[in-house]
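Visitor: the amino acid sequence is not available; the structure is as follows:
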């Protein structure tokens with residue numbers, strides 16, 4: 001090779017190497033991020049995720065893209081992320097069902113804890129017990145009395161087997177000794193429609209889904225499965241206040257694949273916590289019936305482990321099985 005040609009090639013190679021090093025040394029994140037939402041648009045997971053994604057995007061000066069991948073009780077979307085590159089650019093937004101799935105599905109294609117690195121919890125949301133207007137019960141205590149007087153005659157709806165709404169109702173039945181028939185639906189909307197129509201007598205779900213219909217007089221609220229009354233509905237007592245000591249709900253949090261660099265996880269978690277403390281964001285989330293609780297990766301890790309244990313116990317005691 002001619003000396004000038006050799007020198008030219010060497011120069012180009014060196015420049016390319018330096019450019020690659022410079023790109024690698026760019027502060028994280030150096031390109032857009034993707035957050036997989038394993039549910040359809042419009043639900044609590046999607047709405048909360050988009051609120052945080054929009055604000056985090058502004059903070060890190062990179063697009064944070066929300067990718068809805070519903071299917072198989074969230075397993076489809078979660079599995080995609082469990083197998084993604086652990087580089088900090090792919091996340092998944094999960095809810096209480098993620099913790100329940102660890103026990104509910106013996107052949108889960110990933111481990112709900114070991115396959116992921118916790119980033120941050122975003123919000124928690126209690127569930128509200130509602131009933132059709134024709135039901136002869138004004139609160140949860142009267143519901144329990146009615147169910148005991150007529151065992152096995154009341155039906156309760158849920159958005160699906162293993163959903164927080166389903167399992168919290170199972171917890172209510174275990175706690176009070178009553179028995180109602182479970183009618184699982186494919187999502188909250190069709191279940192709520194049958195509750196309003198009177199085909200189903202009882203249903204639990206998030207305040208954001210139920211309160212508009214309670215306020216509109218289409219259904220009635222029997223109690224909130226929370227430790228204290230929520231700001232979005234201060235007039236609705238907790239289940240404990242009505243003599244039924246049951247607390248249960250769902251939540252939204254972000255996970256990354258196992259092995260994601262600690263620096264990337266801590267950067268994202270810090271930005272999420274900043275967003276979660278902003279009063280305008282807090283007001284927006286609280287009005288929806290959520291409690292903003294963004295925290296550290298270690299806090300979310302312990303929270304997730306506790307949720308897996310809690311719902312695993314309920315699933316085993318109630319004998320909950322997935323269809324098929």
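Guide: It's in. On a predicted model such as this, the values are computed, not experimentally measured, just so you know. Residues are numbered from 1 along each chain as shown.
Visitor: my guess is residue 322 meets residue 104, correct?
Guide: Yes. Using CB atoms under 8 Å, residue 322 is in contact with residue 104, at 5.8 Å. Any C-beta I mention is one placed from the backbone N, CA and C, and that applies to glycine too.
Visitor: between the two, what contacts are shared?
Guide: When CB atoms under 8 Å, 6 or more residues apart in numbering defines a contact, the residues bordering residue 322 and residue 104 alike are 73, 161, 162.
Visitor: which parts of this protein are strands?
Guide: Ranges of strands in the chain, per DSSP state E, are 33-37, 64-68, 90-94, 116-126, 128-132, 155-158, 181-184, 202-205, 219-224, 249-257, 291-292.
Visitor: how about those in JSON lines, adding mean neighbour count and mean pLDDT?
Guide: Listed next are the strands of the chain as JSON lines, based on neighbours: other CB atoms under 10 Å; pLDDT from 0 to 100:
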{"stretch": "strand 33-37", "mean neighbour count": "23", "mean pLDDT": "98"}
{"stretch": "strand 64-68", "mean neighbour count": "17", "mean pLDDT": "98"}
{"stretch": "strand 90-94", "mean neighbour count": "26", "mean pLDDT": "98"}
{"stretch": "strand 116-126", "mean neighbour count": "25", "mean pLDDT": "97"}
{"stretch": "strand 128-132", "mean neighbour count": "26", "mean pLDDT": "97"}
{"stretch": "strand 155-158", "mean neighbour count": "23", "mean pLDDT": "96"}
{"stretch": "strand 181-184", "mean neighbour count": "15", "mean pLDDT": "96"}
{"stretch": "strand 202-205", "mean neighbour count": "28", "mean pLDDT": "96"}
{"stretch": "strand 219-224", "mean neighbour count": "23", "mean pLDDT": "97"}
{"stretch": "strand 249-257", "mean neighbour count": "26", "mean pLDDT": "97"}
{"stretch": "strand 291-292", "mean neighbour count": "20", "mean pLDDT": "95"}
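Visitor: make a markdown table from those and add distance to residue 139 to it.
Guide: Formatted as a markdown table, the strands of the chain follow (distance: least, CB to CB, whole Å):
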| stretch | distance to residue 139 |
| --- | --- |
| strand 33-37 | 35 |
| strand 64-68 | 37 |
| strand 90-94 | 32 |
| strand 116-126 | 16 |
| strand 128-132 | 9 |
| strand 155-158 | 16 |
| strand 181-184 | 21 |
| strand 202-205 | 12 |
| strand 219-224 | 5 |
| strand 249-257 | 19 |
| strand 291-292 | 23 |
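Visitor: out of these, nearest to residue 57?
Guide: Proximity to residue 57 (CB to CB) singles out strand 64-68 among the strands of the chain, at 4.2 Å.
Visitor: run the chain-centre distance for the closest one.
Guide: The chain centroid and the centroid of strand 64-68 are separated by 15 Å, computed with CA atoms, centre = their mean, to the nearest Å.
Visitor: could you check the angle strand 33-37 makes with that strand?
Guide: Per axes from the mean of the first three to the mean of the last three CA atoms, to 10 degrees, the angle that strand 64-68 makes with strand 33-37 is 30 degrees.
Visitor: number of residues surrounding residue 139?
Guide: By other CB atoms under 10 Å, 20 other residues sit near residue 139.
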